[in-house]
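Enquirer: Pasting the sequence and the predicted model now:
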Amino acid sequence: MKAALWQSVRNIQVQDIPVPQVQAGQVKIKVAYCGICGSDLHEYLAGPIFIPVDQPHPISKDKAPVVMGHEFAGEVVEVGEGVTNVKPGDRICIEPIYHCGECASCKRGHYNVCEKLGFIGLSGGYGGFAEYSVVPASMIHLIPDHMTWEQAALVEPAAVAVHAVRESDLRIGGTVAVFGTGPIGLLVIQAARAAGASQIIAVEVSPERQEFARKVGADVIVNPKECDTVETIRSHTGGLGVDVAYEVAGIEQTINAAILSTRSEGNIVNISIWEKPASIPLNGLILTERKMTSIIAYRNIFPQVIQLIANGQIQALELVTKKIAIDDIVTEGFEALTKNKSQIKILVNPQP
């Protein structure tokens with residue numbers, strides 16, 4: 001079967017590899033669509049970050065090259081011994097977190113901060129940029145019959161946004177700023193609206209992404225190249241600043257602006273995966289008792305996110321700008337996302 005493997009930075013190759021065989025406790029999936037994630041792009045441009053290179057991942061037992069892709073959905077074609085939660089023919093999406101189940105975080109249900117945290121498609125295993133994947137049965141979530149494959153492939157990134165909003169201090173009627181309107185930022189806008197935000201301010205320099213932000217529900221667009229971001233946000237919030245700022249750009253200037261754009265005792269939520277260290281104005285937190293929350297991935301929310309998308313409360317399909325074949329994943333996928341800000345979410349169809 002064809003699969004896209006990460007070899008090294010800016011080196012992803014589509015190769016023919018054996019179709020994986022299902023083992024006890026596992027499920028084999030015919031992949032329908034898999035999205036290219038911002039984390040995938042980080043690995044392509046500046047990796048390895050999550051991808052194990054020198055030592056195998058402690059759970060997957062794999063190291064580079066790895067079959068990429070963790071935002072995927074498809075049809076169950078085979079189940080291993082002992083699997084009872086799904087059967088062949090079921091329509092499913094994947095919650096791709098590897099966790100040990102034994103550390104203190106896992107034992108309290110916070111498996112997204114497991115000491116051995118990993119992701120299928122990044123930390124090993126058979127990711128979704130392949131015709132077939134095999135995953136542990138615990139990663140499987142059934143989807144409604146009326147949910148499209150495209151919607152199902154977007155459950156994973158939507159879960160990141162919903163988790164970020166749920167972990168923040170946002171309350172009904174609260175004000176929000178979202179710094180960066182790539183796929184996750186656009187989903188945060190929708191999740192914040194669903195959670196009751198009264199005003200959502202999007203901070204974005206790209207004209208194309210500004211339009212996407214308006215389309216999915218931003219009330220105000222701020223272009224940092226045209227105005228003072230902090231003063232503009234304060235002017236739209238009675239001089240106070242927003243209740244919650246979500247940083248989704250991973251740039252030092254944006255995390256600093258997010259801190260200073262938040263009201264006293266407000267909350268800054270860092271969602272970005274950082275390619276390099278950033279300096280932040282700590283006194284901007286201390287002297288106003290602002291607090292910073294960081295999130296990684298999600299936990300215990302996939303069924304709710306599936307319903308939010310299936311019910312139309314999150315319009316995930318608004319983000320899809322292109323669907324491509326796996327043979328074109330580098331030129332029409334990773335390179336397109338790198339060079340063209342009008343591309344938001346690109347879905348890969350790995351089937352021949």
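Expert: Great, that's in hand.
Enquirer: use CA for all of it now, contacts and neighbours both
Expert: Noted.
Enquirer: okay, which residue is most central for this protein?
Expert: For the chain, the residue nearest the mean C-alpha position is residue 157 (3.4 Å; CA atoms, centre = their mean).
Enquirer: Is that residue located within a helix, as I assumed?
Expert: Yes: judged by DSSP: H, G, I helix; E, B strand; the rest coil, residue 157 forms part of a helix.
Enquirer: excluding its backbone neighbours, what's nearest it?
Expert: The spatial neighbour of residue 157 that comes closest, neighbours along the chain excluded (CA to CA, 6 or more residues apart in numbering), is residue 184 at 6.4 Å.
Enquirer: mind giving me the domain split of the protein?
Expert: 2-153+315-349, 161-294 (automatic domain parsing).
Enquirer: Could you dump those domains into a markdown table and include distance to residue 304, mean pLDDT and mean neighbour count?
Expert: Shown next, in a markdown table, are these (distance: least, CA to CA, whole Å; pLDDT from 0 to 100; neighbours: other CA atoms under 10 Å):
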| stretch | distance to residue 304 | mean pLDDT | mean neighbour count |
| --- | --- | --- | --- |
| domain 2-153+315-349 | 11 | 97 | 20 |
| domain 161-294 | 9 | 97 | 20 |
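Enquirer: Same list, those, but as JSON lines with distance to residue 301 please.
Expert: Listed next are those as JSON lines, based on distance: least, CA to CA, whole Å:
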{"stretch": "domain 2-153+315-349", "distance to residue 301": "10"}
{"stretch": "domain 161-294", "distance to residue 301": "7"}
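Enquirer: Out of those domains, which gets nearest to residue 300?
Expert: Residue 300 sits nearest to domain 2-153+315-349 of all the domains of the chain, at 8.0 Å, using CA to CA.
Enquirer: And the residue nearest to residue 157, how far from residue 206?
Expert: Look at residue 184 and residue 206: by CA to CA, to the nearest Å, they are 15 Å apart.
Enquirer: Next: residue 225.
Expert: Residue 225 is 10 Å from residue 206, by CA to CA.
Enquirer: Strands of the stretch 1-150 of the chain, start to end?
Expert: 2-8, 11-16, 26-35, 66-67, 71-79, 91-94, 97-98, 118-119, 132-136, 140-142 (DSSP state E, counting those that start in this stretch).
Enquirer: Kindly reformat those as TSV containing distance to residue 220.
Expert: Below are the strands of the stretch 1-150 of the chain laid out as TSV (distance: least, CA to CA, whole Å):
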stretch	distance to residue 220
strand 2-8	39
strand 11-16	38
strand 26-35	28
strand 66-67	40
strand 71-79	30
strand 91-94	34
strand 97-98	35
strand 118-119	35
strand 132-136	42
strand 140-142	36
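Enquirer: Centre of the chain to stretch 178-187, how far?
Expert: Computed by CA atoms, centre = their mean, to the nearest Å, the chain-centroid distance of stretch 178-187 equals 10 Å.
Enquirer: First residue to last residue on that stretch, what's the distance there?
Expert: Terminal residues of stretch 178-187 lie 10 Å apart, using CA to CA.
Enquirer: Residues contacting that stretch, please?
Expert: 38, 157-158, 160-162, 188-189, 200-204, 209-210, 212-213, 216, 245-249, 254, 258, 314, 316, 319, 344-345 (CA atoms under 8 Å, 6 or more residues apart in numbering).
Enquirer: Could you tell me which of those belong to strands?
Expert: Judged by DSSP state E, these include 200, 201, 202, 203, 245, 246, 247, 345 as members of strands.
Enquirer: Hmm, residue 219 and the fourth one touching each other?
Expert: What it means is residue 203. No: taking contacts as CA atoms under 8 Å, residue 203 lies outside contact range of residue 219: 11.1 Å.
Enquirer: before we move on, the earlier item: does the residue nearest to residue 157 sit in a helix, a strand or a coil?
Expert: Under three-state DSSP, the three-state class of residue 184 is helix.
Enquirer: Name the nearest residue to residue 153, sequence neighbours excluded.
Expert: Closest residue to residue 153 in three dimensions, ignoring its sequence neighbours and counting by CA to CA, 6+ apart: residue 72, at 4.5 Å.
Enquirer: which residues pair with the one you found across the strands?
Expert: residue 34 (DSSP bridges).
Enquirer: cool, and residue 94?
Expert: Counting by DSSP bridges, residue 94 forms beta bridges with residue 140.
Enquirer: I'd guessed it sits against residue 143; true?
Expert: No: with contacts counted by CA under 8 Å, residue 94 stays clear of residue 143, the gap being 10.1 Å.
Enquirer: Check whether residue 293 really touches residue 168, as I assumed.
Expert: Yes: between residue 293 and residue 168 there is a contact under CA under 8 Å: 7.1 Å.
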